[in-house]
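*Asks:* build me a structure from this.
(one chain, ligands or ions: 1)
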Amino acid sequence: MLFVLLIMSGKLDSFSPSSGMEACLSLERELDKLLVRFEGVKDQGLGLLDNVIKDIKGLQEQLSTVPEDQLLTKDQAEVVKETMCKAKTSLAKFAGDHRELHSALSKYGKLIDRNFVADYAATSRPNIFNNPDKVNLINKIICQHYHRQGMHDVAEALAEETDVQCEFTEKESFGELNHILDCLRNKDLEPALAWATAHSQALDNISSTLEFKLHRLKYIELLSKGTHYQTDAITYARNHFRKFVKQHEKDIQVLMGMLLYIPNGIGTSPYSCLVSEELWVDTYELFTRDACQLMGITVHSPLAICLNAGCAAIPALLNIKQVMMQRQVGPMWNGKDELPIEIDLGPDSRYHSMFACPILRQQSTKGNPPMRLVCGHVISRDALSKLCNGNKMKCPYCPVEQSPGDARFVIF
Ligand SMILES: [Zn+2]
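*Replies:* Below you'll find the model as predicted:
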C-alpha cells in the first residue's frame, strides 16, 4: 500500500526533485544491474559445477579400470590430487561469487529504505481520528466507496461491524447507476433512456440536456443502420423530439438534415462528427454528472478525492519539512488548519472560493476574515488593524483615506 502511495505521489509530484517516481526509477535501474549480476553468477556457477562433475566422472571412469587389490600408480595418484584441487578451487570461487552477490542484495534493501520516506508524521495529524464522529465519517466514506465500486457485500459487512448508518439507499443508487453506466459503455441505451424518462421532470428542473441527448443518440443509432431503418428513425424523431423543439430547435434541424445522407452513409457526410465515439463519451459523462446530482451523490468518490489530494500534497509537504529542518525553523506548522505552503491540486479539486490577503499573503481564516474597504479593495482583518493609524487608514492600493470601522466582512 505504502509503495503504491509512493509511486502515485511520484507521478503527481512536480515539486520535489528527489520525487517518489525518480526513486522508483533509480531503484529499478539498480535492480536491473543486480539481476544481470545474478544471471552472470548463475551461468558461471553452472559452468563451474558442470566442469567439476565432468572431471570427477572422468576420474571415476579412469579409476574403475584399476583392480581393487592394486594400489594407484604415482601418475594416477597425481591425477586424483589434481582433480580434487581443481574442484576445490572451482567451488571456492563459486562460494566467493555467491557471497559477493549476497552482500549486493542486502545493500539493495538498504537502498530501498534510503530512497523512500518512511516517516510521514510531519504530514499527518495523529489525533484526527480520536473523535468517534470522525471515525464514523471515515467508515461511512469507505462504505460508500465500496458501494460505488459495486462491492456491496464488503460495504455491508463493514457497515455492520462499524455501526455505520447509511443515510440513503446507497446500494440501490450505486447499483442502478453502475448498471446503467455499464450498459452505456456497451452502447446499450435502453436502461439510461428508461431512467431519464422516469426522471424527466427532475432533469428539467436542473436544466439538464441529458434526456434529449440520449434520444439523439438513439435516433443516430437508427440512422446509422441504413435506408431500411429510415422510417423507424423518422417515427422515433416524431415521437420523441417534439417536447425538445423549443429548447433544441437547431440541434433537431441538424438531426433532420442527416436523413438526406442515409443512402451514402452518415460517416462520410458533413454530419460525420455526430456518429463519432466522442458523442458517446460526452453522453456517458453527462449521465454520470446529472444522475449523481439527482441521486444526491458525488460524481467522484470522496475517498478517492482525498487519497489523490494526499498523494499530490505529501511530496511537497515532505520537501518543505526537510527545508524547515535544515534551517531549524522549528516545528512543521503550528496552526494545523493551515498548510505551510500553498498546494495547487488543480481546478478539479476546487470546491469553494477562498481568499488570500494580498498584504499578509495568508489565506483568510475564521479568526482573520476578509474585510472590504470603502474603496472596494479587500484585505484581511489582521492587515487592516496593522494599517490603522488611530482612527484612520489609507488603502494600500488606491489609496483612499478612510475609517477602519467602515470596512465590512466579506463572506465567500
Ligand atoms: Zn482601495
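*Asks:* so which elements touch the helix or strand containing Lys250?
*Replies:* Element membership for Lys250 (DSSP states H and E) is helix 249-257. Counting contacts by 3 or more CB pairs under 8 Å, 6 or more residues apart in numbering; DSSP states H and E, helix 249-257 is packed against helix 210-224, helix 230-240. C-beta: built from backbone N, CA, C; applies to glycine.
*Asks:* now for whatever residue of the stretch 201-350 of the chain ends up closest to the ion, how many residues are close by?
*Replies:* Residue of the stretch 201-350 of the chain nearest the ion, by CB to the ion: Glu342 (24.6 Å). Glu342 has 9 neighbours, counted by other CB atoms under 10 Å.
*Asks:* would it count as being in a helix?
*Replies:* No - counting by DSSP: H, G, I helix; E, B strand; the rest coil, Glu342 is not part of a helix but coil.
*Asks:* list the contacts of it.
*Replies:* Gln363 (CB atoms under 8 Å, 6 or more residues apart in numbering).
*Asks:* quick check: phi and psi on it?
*Replies:* Phi and psi for Glu342, reported as degrees, to the nearest 10, are phi -80, psi 130.
*Asks:* pick the most buried one from the helices and strands packed on helix 249-257.
*Replies:* Mean neighbour count, computed with mean count of other CB atoms under 10 Å, is highest for helix 210-224 among the helices and strands packed on helix 249-257, reaching a mean of 20.
*Asks:* what's the distance between stretch 402-410 and the middle of its chain?
*Replies:* Here the centre of stretch 402-410 is set off from its chain's centre by 44 Å, with CA atoms, centre = their mean, to the nearest Å.
*Asks:* quick one: it near the ion?
*Replies:* No - for stretch 402-410, no contact with the ion is found by CB under 5 Å from the ion; the gap never falls below 8.3 Å.
*Asks:* now stretch 384-394: buried residues?
*Replies:* For stretch 384-394, the neighbour count (16 or more other CB atoms under 10 Å) marks Leu384, Leu387, Met393 as buried.
*Asks:* quick one: it near the ion?
*Replies:* No - for a cut-off given as CB under 5 Å from the ion, stretch 384-394 has no contacts with the ion; the smallest distance is 8.6 Å.
*Asks:* residues of this protein that sit close to the ion?
*Replies:* So the chain meets the ion at Cys375, His377, Cys395, Tyr397, Cys398 (CB under 5 Å from the ion).
*Asks:* now Asn115: closest residue in space that isn't a chain neighbour?
*Replies:* Ala23 (3.9 Å; CB to CB, 6 or more residues apart in numbering).
*Asks:* so which helix or strand takes in the one you found?
*Replies:* Applying DSSP H and E, one finds Ala23 within helix 20-64.
*Asks:* tell me the pLDDT at the residue nearest to Asn115?
*Replies:* Ala23 is assigned a predicted lDDT (pLDDT) of 82.
*Asks:* distance of it relative to the ion?
*Replies:* Distance from Ala23 to the ion, counting by CB to the ion, to the nearest Å: 49 Å.
*Asks:* I'd say that residue and Val117 touch.
*Replies:* No - judged on CB atoms under 8 Å, Ala23 makes no contact with Val117 at a distance of 9.1 Å.
*Asks:* more neighbours: the two, which one.
*Replies:* Val117 (22 against 19).
*Asks:* from Leu318, how far out is the more buried one?
*Replies:* 6 Å (CB to CB, to the nearest Å).
*Asks:* any chance you could map the helices in the protein?
*Replies:* Using DSSP state H, the helices of the chain run over 2-12, 20-64, 74-115, 132-148, 152-162, 170-185, 190-198, 200-205, 210-224, 230-240, 249-257, 277-295, 302-326, 381-387.
*Asks:* check which helices and strands the third one sits against.
*Replies:* Just to be clear, that refers to helix 74-115. If contacts are counted by 3+ CB pairs under 8 Å, 6+ apart, helix 74-115 sits against helix 20-64.
*Asks:* helices and strands around the helix it packs on, which ones?
*Replies:* Helix 20-64 packs on helix 2-12, helix 74-115, going by 3+ CB pairs under 8 Å, 6+ apart.
*Asks:* any chance of these in CSV, with mean pLDDT too?
*Replies:* Converted to CSV, the helices and strands packed on helix 20-64 look like this (pLDDT from 0 to 100):
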stretch, mean pLDDT
helix 2-12, 36
helix 74-115, 89
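*Asks:* tell me which of those sits nearest to Lys57.
*Replies:* Closest to Lys57 of these, according to CB to CB: helix 74-115, at 10.3 Å.
*Asks:* got the angle between the closest one and helix 20-64?
*Replies:* Interaxial angle of helix 74-115 relative to helix 20-64 (axes from the mean of the first three to the mean of the last three CA atoms, to 10 degrees): 170 degrees.
*Asks:* my guess is Lys86 contacts Leu48. True?
*Replies:* No - checked against CB under 8 Å, the pair Lys86 and Leu48 is beyond contact range at 10.1 Å.
*Asks:* between those two, which is the more surrounded one?
*Replies:* Leu48 (17 against 14).
*Asks:* and the pLDDT at the more buried one?
*Replies:* Taking Leu48 on its own, its pLDDT is 91.
*Asks:* test my guess that it contacts Ser90.
*Replies:* Yes - Leu48 is in contact with Ser90 according to CB under 8 Å; the separation is 4.5 Å.
*Asks:* any chance of the helices and strands packed on helix 249-257 in TSV, with mean pLDDT too?
*Replies:* Formatted as TSV, these follow (pLDDT from 0 to 100):
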stretch	mean pLDDT
helix 210-224	92
helix 230-240	92
